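Student: From the sequence below, what's the structure:
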Amino acid sequence: MQPNTEMIPYVLSQLEIAHDDLEGAKYLIDGSKYRISLNRAYYCVFRCLKALSVLHGHNFSKHSGYISYFQREYIKTGIFDKELSKIVTKTKTLRESGDYGDMAIVTEETALNAYKDAEKLYITLNEYIQAETERGK
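Tutor: Now for the predicted structure:
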């Protein structure tokens with residue numbers, strides 16, 4: 001897939017936002033705001049998926065579109081390990097439970113694990129996207 005060079009500034013801005021969300025998740029954990037940190041961890045993951053999709057000319061109106069595209073084009077093809085797919089699913093489920101469900105009590109361990117998962121996905125996708133943007137120049 002060829003990167004859409006016109007969208008590189010937008011893609012890089014999405015990665016910056018993802019990094020801010022990741023830092024926010026850690027900040028919230030340090031402040032014992034575990035439930036809210038799940039939201040920021042998920043949004044880090046989501047922004048990474050969005051950056052990756054837009055880089056290759058795909059924009060969707062729903063989160064599920066970015067997730068499906070990632071699964072189809074990057075997990076099933078073996079570009080990324082299936083572990084990243086599990087991270088996406090798990091952080092999404094935790095975020096939804098924390099935001100909409102009855103998950104009023106979230107442990108520090110759960111929040112830290114979500115943060116570490118988001119960090120792993122961020123590092124992996126950021127490296128890939130940075131290499132793709134260089135290739136597209």
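Student: wait, doesn't residue 128 sit right on residue 51?
Tutor: No: using CB atoms under 8 Å, residue 128 is not in contact with residue 51, being 9.9 Å away. Yep, even glycine has a C-beta here, placed from its N, CA and C like the rest.
Student: more neighbours, these two?
Tutor: More crowded of residue 128 and residue 51, by other CB atoms under 10 Å: residue 51, with 25 against 17.
Student: what's near enough to touch the more buried one?
Tutor: With contact taken as CB atoms under 8 Å, 6 or more residues apart in numbering, residue 51 is in contact with 11, 12, 14, 15, 18, 125, 129.
Student: what about 10 Å?
Tutor: For residue 51, the contacting residues are 7, 10-18, 66, 125-126, 128-129, 133, by CB atoms under 10 Å, 6 or more residues apart in numbering.
Student: how close does the residue most central in space within the chain sit to residue 14?
Tutor: In the chain, the C-alpha nearest the mean C-alpha coordinate belongs to residue 45, at 1.1 Å (CA atoms, centre = their mean). Distance of residue 45 to residue 14, given as CB to CB, to the nearest Å: 12 Å.
Student: count of residues packed around residue 73?
Tutor: Residue 73: 16 surrounding residues under other CB under 10 Å.
Student: Look through this structure and tell me its longest helix.
Tutor: Using DSSP state H, we find that the single longest helix of the chain is helix 108-136.
Student: And that helix, what does it pack against?
Tutor: On a contact count with 3 or more CB pairs under 10 Å, 6 or more residues apart in numbering; DSSP states H and E, helix 108-136 meets helix 8-30, helix 34-55, helix 82-100.
Student: ok now it, how far from the chain's centre?
Tutor: 7 Å (CA atoms, centre = their mean, to the nearest Å).
Student: buried stuff in that helix?
Tutor: 110-112, 114-115, 117-119, 121-122, 124-126, 128-129, 132-133 (16 or more other CB atoms under 10 Å).
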